[in-house]
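Undergrad: the sequence isn't on hand, but the structure is:
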């Protein structure tokens, strides 16, 4: 069990995790909503399986919705104050699990287009998200002096 000198250190870390994913999924999802399918998208993915199923337009919007869903889960967790640990971090955990699947979705696109450097970066994002999930899911730590 990890000792924290103050419960606010863990709460601060939980808040930072939420704010990070709010930024990641918020900027990614809302920019896709605002700009729509980019002109380069068919050139990049037109020769992949995504062009046939579910289709390029559907693939783009499914990704945008997945990112916005991650943003929505983070918003709910923030509004519930889960980072304060008055309630279990259920929505935070769901947001992180959802994020793992979004990174898998993004990684698939990178693999299909042979962008292996991007795939390696997404693997790091996946691993970092998994670390966050393990931190969030760990039992409430014992505070030194309590």
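TA: Sure, I can see it. The model shown is predicted, which means the values in this text are computed figures rather than measured ones.

Undergrad: center of this protein, which residue is that?
TA: In the chain, the C-alpha nearest the mean C-alpha coordinate belongs to residue 99, at 3.1 Å (Cα atoms, centre = their mean).

Undergrad: surely that one meets residue 28?
TA: No. In this structure, residue 99 sits apart from residue 28 without contact. The criterion is Cβ atoms under 8 Å, and the distance is 10.9 Å. For the C-beta atoms, the positions are set from N, CA and C on the backbone; glycine is no exception.

Undergrad: burial count for residue 81?
TA: Counted with other Cβ atoms under 10 Å, the neighbours of residue 81 add up to 12.

Undergrad: enumerate every residue touching it.
TA: By Cβ atoms under 8 Å, 6 or more residues apart in numbering, the contact set of residue 81 is residue 87.

Undergrad: try 10 Å this time
TA: Under the criterion of Cβ atoms under 10 Å, 6 or more residues apart in numbering, the neighbours of residue 81 are 11, 15, 87.

Undergrad: one step back: show me whatever sits in contact with both of residue 99 and residue 28.
TA: If you check residue 99 and residue 28 against Cβ under 10 Å, 6+ apart, the residues they both contact are 66-67, 70.

Undergrad: most neighbours, which of those?
TA: When neighbours are taken as other Cβ under 10 Å, the top entry among the shared contacts of residue 99 and residue 28 is residue 70 (27 neighbours).

Undergrad: perfect, that will be all.
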